[in-house]
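J.: Give the three-dimensional model of this entry:
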Amino acid sequence: MKYTSAIVDAFTDRPYSGNPAGVVFLGGDPFPGEDICIKAAAELRFSETAFIRKLTETEYAVRYFTPVCEAALCGHATVASFSFLREKKLCGLGDMLVHTTSGDIRVTVGRDSIRLDMAEARTIKVFEGGEARELYRAFGLAEREGEAGLFPAAVGVGLDDILLPVKDEAELNAAKQDEAAVYALSKRHNVTGVHMFCLTEDGFAAHCRNFAPLYGVPEECATGTSSGALCHYLAENGVIPRDKPVSFMQGEAMGRPSVITACIENGRVRVGGPAAVVMEGKISV
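T.: Predicted coordinates for the structure are as follows:
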């Protein structure tokens, strides 16, 4: 079958910036087999490709695939998907009920941006002692247990990530990932990867980098779920207010700056931003 497909840059309003995702619109057809979806994602060569089924005017089902496996949830591919659907008039404005492998979420389609719920936020583990030092060592950074009173922690909002605080932007940019070590750490701790950040006072709550070699993604230029986890973590540690939206900058090290907004509404973390459609066509699945 041939389906409408697109390449969409998420968390930016300019093409060739932000985080690109593949989008495949299936209409009302069932999802193809998992192996076919993975092959299609590998052919598109983006970190995630979203496959979307339209169930009603306000209800959708979405599955996300990397070039090597299925992901339970993907923030940037969701922003990309509903931006494309809005542009093609395949969905309206307002709240949509979206079924994902990680559970049902609310996606709000606005005129200029897409916002989506994360799954219930939870802090899974705080890393101390040798485990914390091992995390810094995996990026060639000076070993320590934390930074400025913040300690590495595994946090989940649908996907689980290790949040790793560093001193400043210079250290953030100097980090060099040992992919084999980060792969092993991610597998051992059952997380997607490591989301490194430094606090800033330049209008962004933090500047970030994200590493997920376990899922075939050496570095990601914008990660909605990781940003949602970071929003929860910073609010839980009293760094940011719980009732005001914040923005995170990511992707600078990759030459694709991305701005992700995050907030906590009625106890639920939400992330969002704009997106820009770069290319559309048909894909055989």
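J.: what does the domain assignment say about the protein?
T.: The chain breaks down into these domains under automatic domain parsing: 2-117+273-284, 122-271.
J.: can you list these in CSV and add mean pLDDT?
T.: Below are those laid out as CSV (pLDDT from 0 to 100):
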stretch, mean pLDDT
domain 2-117+273-284, 95
domain 122-271, 96
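J.: Now mean neighbour count too, for the ones you listed, in TSV please.
T.: Placement of C-beta: from N, CA and C, glycine included. Formatted as TSV, these follow (neighbours: other Cβ atoms under 10 Å):
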stretch	mean neighbour count
domain 2-117+273-284	20
domain 122-271	20
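J.: Let me see the ranges of the helices in the stretch 101-250 of the chain.
T.: Using DSSP state H, counting those that start in this stretch, the helices of the stretch 101-250 of the chain run over residues 129-137, 169-174, 179-189, 224-236.
J.: any idea how far residue 45 is from residue 1?
T.: 21 Å (Cβ to Cβ, to the nearest Å).
J.: Which residues does the residue nearest to residue 239 when sequence neighbours are not counted form beta bridges with?
T.: In space, and not counting its chain neighbours, residue 239 is closest to residue 199: 6.8 Å by Cβ to Cβ, 6 or more residues apart in numbering. Residue 199 has these beta-bridge partners by DSSP bridges: residue 206.
J.: tell me the contacts of the residue nearest the centre of the chain?
T.: Note on the chain: the residue nearest the mean C-alpha position is residue 223, at 2.5 Å, using Cα atoms, centre = their mean. Counting by Cβ atoms under 8 Å, 6 or more residues apart in numbering, residue 223 touches 19, 75-76, 161, 195, 208, 210, 250, 260.
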